[in-house]
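In: coords please:
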Amino acid sequence: MIERLLPADVSCAATRAETVADGTLFPEEEALIAKSVAKRRNDFATARACARRAMAGLGLPPVAVLHGHRGRPLWPEGIVGSLTHCGGYRAAALARARDVLSLGIDAEPHAPLPTGVRELVTLPAERERIGPPAPEGTGEIHWDRVLFSAKESVFKTWYPITGVELDFIEADLTFHRVQDQGGGERLQGGPGTAEGTFAARLLLTDPALPTTLHGQWRIEDGIVATAVLVRPDWRASDGS
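Out: As a prediction, the model looks like this:
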């Protein structure tokens, strides 16, 4: 699913499996999760298996993917990328730095945010735009979860370039849905699909990035996926 949200020069790999046959870790990676519980180990290993398949898509040999501050993946020289994992979905997206300045991906279960989280991660204007939480089991889009995922993708794009943490309320997001036949706010097509774009106006800015980041979102088979990408020549195509 993540490959639908990114251009062809980004190498993507994903799995819905909880464990994968090619999930063997490098010793350096094993050391990072030596004391972790089984779920954490599975998330870590499957995401890195995806990363190595994405590396192969760029013609790169497999290497260990360690992490820096707050779990930021550390990529080989000249490579940018992002990882994500949630119950039922893991993915990696990698590109060459000459083609992509930064990118971020995120996946979440398509369900309402836990009680109290919505108010912590949204601005009043965003809550007004997305409306009240949708009840489960109605086939309606859980816009609060889409927004949460989109902000995660924004922050994963922002941090590697700026080195500064971005709070949830320091980006103001607006969504656009690509209407399928039937329109409305309910999921349409297949086992529940919807997609569209979003714009994230940054309330904390940095000259290395545009003041508005643009991304795409998709809901498919109970998963929300989002992605943001910034090109190295963004100044030539964006007046920000």
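In: can you map out the helices along the protein?
Out: In the chain, helices defined by DSSP state H lie at 27-32, 38-57, 117-121, 124-130, 143-162, 234-237, listed in chain order.
In: Serialize the ones you listed to a markdown table and add fields for mean neighbour count, distance to Thr15 and mean pLDDT.
Out: (Each C-beta comes from the backbone N, C-alpha and C, glycine too.) Shown next, in a markdown table, are the helices of the chain (neighbours: other Cβ atoms under 10 Å; distance: least, Cβ to Cβ, whole Å; pLDDT from 0 to 100):
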| stretch | mean neighbour count | distance to Thr15 | mean pLDDT |
| --- | --- | --- | --- |
| helix 27-32 | 13 | 17 | 93 |
| helix 38-57 | 20 | 6 | 93 |
| helix 117-121 | 15 | 27 | 95 |
| helix 124-130 | 14 | 30 | 96 |
| helix 143-162 | 23 | 18 | 97 |
| helix 234-237 | 11 | 31 | 87 |
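In: between the ones you listed, which one is nearest to Thr205?
Out: Comparing those by their distance to Thr205 (Cβ to Cβ), the top pick is helix 143-162, with 9.5 Å.
In: and that closest one, how far from the chain's centre?
Out: Its chain's average C-alpha position is 7 Å from that of helix 143-162, according to Cα atoms, centre = their mean, to the nearest Å.
In: And that helix, what does it pack against?
Out: strand 79-86, strand 102-109, helix 117-121, helix 124-130, strand 171-178, strand 193-202, strand 212-220, strand 223-230 (3 or more Cβ pairs under 8 Å, 6 or more residues apart in numbering; DSSP states H and E).
In: Try it again at 7 Å.
Out: Helix 143-162 is packed against strand 102-109, helix 117-121, helix 124-130, strand 171-178, strand 193-202, strand 212-220, strand 223-230, with contacts defined by 3 or more Cβ pairs under 7 Å, 6 or more residues apart in numbering; DSSP states H and E.
In: deepest of the ones you listed, which one?
Out: strand 223-230 (a mean of 26; mean count of other Cβ atoms under 10 Å).
In: What are the structural domain limits within the chain?
Out: Annotated domains of the chain cover 2-100, 104-237 [automatic domain parsing].
In: Just the endpoints, please. Distance across the first one?
Out: Right, the one you point to is domain 2-100. Length of domain 2-100, first residue to last, Cα to Cα, to the nearest Å: 16 Å.
In: swap in stretch 105-114?
Out: End-to-end distance for stretch 105-114, by Cα to Cα: 21 Å.
In: about what we covered before: make JSON lines from the helices of the chain and add distance to Ala111 to it.
Out: Converted to JSON lines, the helices of the chain look like this (distance: least, Cβ to Cβ, whole Å):
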{"stretch": "helix 27-32", "distance to Ala111": "29"}
{"stretch": "helix 38-57", "distance to Ala111": "18"}
{"stretch": "helix 117-121", "distance to Ala111": "12"}
{"stretch": "helix 124-130", "distance to Ala111": "15"}
{"stretch": "helix 143-162", "distance to Ala111": "6"}
{"stretch": "helix 234-237", "distance to Ala111": "34"}
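In: That concludes my questions; thank you for your assistance.
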